[in-house]
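S.K.: I need the structure of the sequence given here:
(2 chains)
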Amino acid sequence: MIKIKAKDVDVFYGKKQALFNISLDIEENQVTALIGPSGCGKSTFLRCLNRMNDVIDICSVKGEILINDFNINDKSCDVVRLREKIGMVFQKPNPFPKTLYENVSYGPTIHGMAQSKQEMDEIVETSLKKAALWEEVKDRLHEPGTGLSGGQQQRLCIARAISVRPEVILMDEPCSALDPIATAQIEELIDELKKEHTIIIVTHSMAQAARVSQNTGFFHLGQLIEHGSTDKIFKNPDNKKTQDYITGRFG
Amino acid sequence: MNLVLFTFIVLLGFTSYYFGRKKAYTIQSTKKRLTALPQFYGYYLAIWCAIPAFIIFSLWAIFEPTIVKLLILSDYSNQGYLDDELNLLYEKSKALSRGQFTGEITPFIEASAEKYLSLRSIAQSSKVVIVLSAIIASVAYAYKRISSNSRTREPVEKFLNAVLFTASLAAILTTVGIVFSLIFQTIDFFKVIPLFDFVFGTHWYPAKAFVRDSSEALDPTMYSDTFGAVPIFAGTFFIAFIAMCVAIPIGLMSGIYLAEYASTKVRQYAKPLIEILAGIPTVVYGFFAALTVGPFLKELGTSMGLEVSAESALAAGGVMGIMIIPFISSLSDDVITSVPQSLRDGSYAMGATKSETIKRVIFPAALPGIVGSILLGVSRAIGETMIVVMASGLAANLTLNPLESTSTITAQIVVILIGDQAFGDPKTQAAFALGMSLFLVTLCLNIVALRVVKKYREKYE
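M.R.: Got it, this is the predicted structure:
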């Protein structure tokens, strides 16, 4: 089933065009990886999906992005509701300078999802459990989240993102600041999370894309060169450029 | 003469820099590798020129007068003069040699004056000779060392280190000196006025001390109930409180607006405009408070049936608050802007609105800096003088009514030290005692500020 449908998306930073005519379908409850060399626009595309590009003054987005058949670039779209549905995990772990508990309860609090302290405790516990962090931190929920290790911080950010039960989770190179062990933990986690969430992950590591994703899109110079099942992209790509990138001949 | 010599030494310094560098280039041209860049050889030589000159100059300045004095007074040594008389004789002959002596000229003094003049000229010329020969010797020595291509970079770096250390030492020593002068005068003050009366007394009326006949002996009982500092401490904190009530909300909100809401263009113009407020001299604020705000408040109050003094704590505090706004707004703007964008992104991505993000993420993260800027504002408010002197009067009333006039520590120091003062008088020493207490208060504030900032930093980083 198609969860997100992007149609002819163009993105401009001021006068400079960063994305050209991107059309891409994203399958529900699967992991879609976006790969490509640096500066090719894959992160920009990811940020279109929860309208994070609104934050950048000079950035403008054209075209349609349908999520559950609703165009999020339409004026009637409520960004607060949209971002509640579409969670995001960033490249560098960015826990808030608050306690672990407050980090996870942040989303549910601002969206009024818990009626009582008990309910909130439950949300925090399930989110941390889903993020495979509960066992490590359950005794120090009221210590600052910034005191954790890099990998733990990133899992905390994932827990924060899933605390509001988003339908889609966007991950922008979530492992690029982590060591191999933490990376393996996060990858395992992504596999687990796709049962309940649709996941789109931007990554520089082709091995990671091959390991975690079912679908892959290859971006180059602001264009979507090719997309399809990960198997096909990695074993038998249609496009010469994709072939060259996958085999490490450029990029 | 000294100026000429000094200029000459500076020129010598430049010349030796030039020669040192030239020498280095010569070594380089023989395809030998230097141990440092050629400039370092120049600096090295210049330092060897400056250090001996500096040492000899300072030693000379310390010892020359003493030695000259000893030589002159040796003529009088067997004539049974007292020390004081000898000093007087010396000063007289010095004055005569400069042609500034107006008293009776005795042959003795005239002889001494002549001797003084000749000694001075001998000293002067020998100084020139010694300084120049020392410089030449040391530069020649250093020049020779260069030719053996010895190390120059390390000594130059060490010299710089020493110069910078001296500069910071000067700042520290000045502070220590000021604090000590405060302490000693304050101790003298408390010998006459009991500490208890000063800290807990509720009457501040230093004018009473003005009427004392200076030839009379000090009578401590006369000052009882004169130097009770409670009213002016209360006034100080009260006016500072009013000022902060104005400055904190406005400053903080404008800081948040500038950092988070204002477009680049608005920010570009608004920030310098707000900072202009900080550039207005406090005297201008003072007469603004005294001539515009004070009378306006009085009229407003009268029309509402309130009794408002023309010089009120409210006028002074309000205007002082306006003065402090730019400090708080500009500093908190800087602090908020420096909160990493990744935290904002994280919050927006959770679906938080701008105000939620500011309230829950950015403000707590920026809090240490904001507290710092507020405490800086408080110390400004407590130390501010001119506005209070002009707008809130000089009578130290003990009151909590913002519509009456009160006075502050700084304003009272001004009152005490305007006009004739005598050292050793309790009235003058009271100014030192007040200065000391002001210093202690601001010191405590700074310590508290540092503690607060440190505590939150531990929590948030």
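S.K.: Quick check: phi and psi on residue A:71?
M.R.: phi -80, psi 110 (degrees, to the nearest 10).
S.K.: Which residues are in contact with it?
M.R.: Residue A:71 makes contacts with A:64-65, A:77, as judged by C-beta atoms under 8 Å, 6 or more residues apart in numbering or on different chains. In short, each C-beta sits where N, CA and C put it, glycine included.
S.K.: same thing with residue A:64?
M.R.: Counting by C-beta under 8 Å, 6+ apart, residue A:64 has contacts A:5-9, A:71, A:73.
S.K.: same question, residue A:142
M.R.: A:99-101.
S.K.: rewinding a little: for the contacts of residue A:71, could you give me JSON lines that also reports pLDDT and secondary structure?
M.R.: Formatted as JSON lines, the contacts of residue A:71 follow (pLDDT from 0 to 100; DSSP: H, G, I helix; E, B strand; the rest coil):
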{"residue": "A:64", "pLDDT": "91", "secondary structure": "strand"}
{"residue": "A:65", "pLDDT": "92", "secondary structure": "strand"}
{"residue": "A:77", "pLDDT": "89", "secondary structure": "coil"}
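S.K.: Looking at these, spot the one nearest residue B:33.
M.R.: Nearest to residue B:33 among those, counting by C-beta to C-beta, is residue A:65 at 64.6 Å.
S.K.: quick one: contacts for that closest one?
M.R.: Taking C-beta under 8 Å, 6+ apart as the contact definition, residue A:65 lies against A:4-7, A:9, A:48-49, A:71-73.
S.K.: please redo it, this time with the cut-off set to 7 Å
M.R.: Under the criterion of C-beta atoms under 7 Å, 6 or more residues apart in numbering or on different chains, the neighbours of residue A:65 are A:4, A:6, A:9, A:48-49, A:71-73.
S.K.: and those, which are buried?
M.R.: Buried members of the contacts of residue A:65, scored by 16 or more other C-beta atoms under 10 Å in any protein chain shown, are A:4, A:6, A:9, A:48-49, A:72.
S.K.: Chain B: which of those residues is nearest?
M.R.: Nearest to chain B among these, counting by C-beta to the nearest C-beta, is residue A:49 at 10.9 Å.
S.K.: That closest one against residue A:171, yeah?
M.R.: No: contact criterion C-beta atoms under 7 Å: residue A:49 and residue A:171 do not qualify, at 11.3 Å.
S.K.: got any residues that touch both of those two?
M.R.: Taking C-beta under 7 Å, 6+ apart as the criterion, residue A:49 and residue A:171 both touch residue A:200.
S.K.: most surrounded residue in the contacts of residue A:142?
M.R.: Using other C-beta atoms under 10 Å in any protein chain shown as the neighbour criterion, residue A:100 leads the contacts of residue A:142 with 26 neighbours.
S.K.: Get me the contact residues on chain B for chain A.
M.R.: Contact residues (C-beta under 7 Å from any C-beta of the partner chain) of chain B with chain A: B:342-343, B:345-346, B:348-353, B:356, B:360-361, B:364-365, B:459-461.
S.K.: Report the buried residues of the helix or strand hosting residue B:47.
M.R.: Under the criterion of DSSP states H and E, residue B:47 resides in helix B:38-73. Neighbour counts using 16+ other C-beta under 10 Å place B:38, B:40-50, B:52-53, B:56-57, B:60, B:64, B:68-69, B:72-73 of helix B:38-73 among the buried residues.
S.K.: tell me the pLDDT at the spatially most central residue of chain A?
M.R.: Chain A has residue A:170 as the residue nearest its centroid, 1.5 Å off, counting by C-alpha atoms, centre = their mean. Listed pLDDT for residue A:170 reads 95.
S.K.: Tell me which helix or strand it sits in.
M.R.: For residue A:170, the element it lies in under DSSP H and E is strand A:168-172.
S.K.: could you give the angle of the following helix or strand past that strand to strand A:168-172?
M.R.: Next helix or strand after strand A:168-172 toward the C-terminus (DSSP H and E): helix A:180-193. Interaxial angle of helix A:180-193 relative to strand A:168-172 (axes from the mean of the first three to the mean of the last three C-alpha atoms, to 10 degrees): 160 degrees.
S.K.: Give me the mean pLDDT for helix A:180-193.
M.R.: Helix A:180-193 comes out at a mean pLDDT of 90.
S.K.: Write out the residues of the stretch 101-250 of chain A neighbouring chain B.
M.R.: Counting by C-beta under 7 Å from any C-beta, the stretch 101-250 of chain A sits next to chain B at A:106-107, A:110-111, A:144, A:146, A:160, A:164.
S.K.: 8 Å instead, please
M.R.: A:106-107, A:110-111, A:144, A:146, A:157, A:160-161, A:164 (C-beta under 8 Å from any C-beta of the partner chain).
S.K.: Compare these and tell me which is most surrounded.
M.R.: Most surrounded of those: other C-beta under 10 Å gives residue A:160, at 32 neighbours.
S.K.: Spit out the contact partners of that one.
M.R.: Residue A:160 neighbours (C-beta under 8 Å, 6+ apart): A:95, A:103-104, A:106-107, A:127, B:346, B:350.
S.K.: Quick check: which element contains it?
M.R.: Counting by DSSP H and E, residue A:160 is part of helix A:150-162.
S.K.: re earlier: export the contacts of residue A:71 to a markdown table and tack on distance to residue B:125?
M.R.: Below are those laid out as a markdown table (distance: C-beta to C-beta, whole Å):
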| residue | distance to residue B:125 |
| --- | --- |
| A:64 | 95 |
| A:65 | 92 |
| A:77 | 92 |
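S.K.: Going by distance to residue B:176, which of these wins?
M.R.: Distance ranking of the contacts of residue A:71 against residue B:176, using C-beta to C-beta, places residue A:77 first at 65.3 Å.
S.K.: Please report how far the closest one lies from residue A:51.
M.R.: When C-beta to C-beta, to the nearest Å is the yardstick, residue A:77 and residue A:51 sit 8 Å from each other.
S.K.: who has more neighbours, the two?
M.R.: Counted by other C-beta under 10 Å, residue A:77 and residue A:51 do not tie: residue A:51 has more neighbours, with 19 against 15.
S.K.: mind checking which helix or strand the residue positioned nearest the centre of chain B is in?
M.R.: Nearest to the geometric centre of chain B sits residue B:175, at 7.8 Å (C-alpha atoms, centre = their mean). For residue B:175, the host element (DSSP H and E) is helix B:153-192.
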